[in-house]
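Asker: Got a predicted structure here, sequence first:
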Amino acid sequence: MMSATQSEPTGIGPPRLHRLFRFYDPEVLAVMTILIGLFQVLLAFPAYFLSEDIRVFYLCPVLVGAMHVAVGSCAFVCERSPSRQWLKKCLYSTFGGLLLGFGAIIMYGYAANSITYFESCKPEELSDISEDYHCPRDAFVGFFREYTLLMAIYAVVALILQFFLSISAIKGLKRN
């Protein structure tokens, strides 16, 4: 027989992130979001030296990376110490991260297509030097476009992770 101090489990615990799939773990998504944000912050250092057209281009990966770190940290705290307030904070931060991430993708696309500040090499200059010589401008433009593509890929992956975290937060709030 049960003692009077023990209670039967009700099945409803504190509000936490909803698990969308069987293999879905919100903690793993939160840690991956933090890591992608840290990568973006670290990749902001080359952007400081690369961009001449857009003077404050390096701020985009810093702000977006910091937002991804904040979203991942909030989701991690929400999963470790569940409460309704943390679930709401997680939802609001993921929505803010989604908006900032979409803005960053637009900024990266603009930066990749607006790199036109170097003079192009003239064909007669290239033929005088050697057959293997390539124009430095073309190499730099190619490197800068690949760099912005990498930053855009990181932003898209973080957006996908934040989308899943926001759906989990919405379903977690509805469930409780």
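Answerer: Sure, I can see it. Numbering: from 1, shown residues only.
Asker: distance of residue 36 from residue 69?
Answerer: Computed as Cβ to Cβ, to the nearest Å, the residue 36 to residue 69 distance reads 9 Å. For the C-beta atoms, the positions are set from N, CA and C on the backbone; glycine is no exception.
Asker: With residue 137 instead?
Answerer: 35 Å.
Asker: neighbour-wise, which of these two wins?
Answerer: Each of residue 137 and residue 69 has its neighbours counted (other Cβ atoms under 10 Å); residue 69 has more, 19 against 15.
Asker: Mind giving me the packing neighbours of the longest helix seen in the chain?
Answerer: Taking DSSP state H as the assignment, the helix of the chain that covers the most residues is helix 136-175. The contact analysis (3 or more Cβ pairs under 8 Å, 6 or more residues apart in numbering; DSSP states H and E) places helix 136-175 against helix 26-42, helix 44-50, helix 59-80, helix 84-113.
Asker: May I see those organised as CSV, with mean pLDDT and distance to residue 159 added?
Answerer: Written out in CSV, the entries for the helices and strands packed on helix 136-175 read as follows (pLDDT from 0 to 100; distance: least, Cβ to Cβ, whole Å):
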stretch, mean pLDDT, distance to residue 159
helix 26-42, 89, 10
helix 44-50, 79, 18
helix 59-80, 89, 9
helix 84-113, 88, 4
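Asker: Packed most tightly, which of these would that be?
Answerer: For the helices and strands packed on helix 136-175, the largest average neighbour count (mean count of other Cβ atoms under 10 Å) is found in helix 59-80, namely a mean of 22.
Asker: Show me the contact partners of that one.
Answerer: Contacts of helix 59-80 from elsewhere in the structure, counted by Cβ atoms under 8 Å, 6 or more residues apart in numbering, are 16-17, 26-27, 29-44, 47, 86-87, 89-90, 93-94, 96-97, 100-101, 104, 107-108, 151, 155, 158, 162, 165, 169.
Asker: Repeat the analysis, applying 7 Å as the threshold.
Answerer: Defining contact as Cβ atoms under 7 Å, 6 or more residues apart in numbering, one finds that helix 59-80 is touched by 16-17, 26-27, 29-31, 33-34, 36-38, 40-41, 43-44, 47, 86-87, 89-90, 93-94, 96-97, 100-101, 104, 107, 151, 155, 158, 162, 165.
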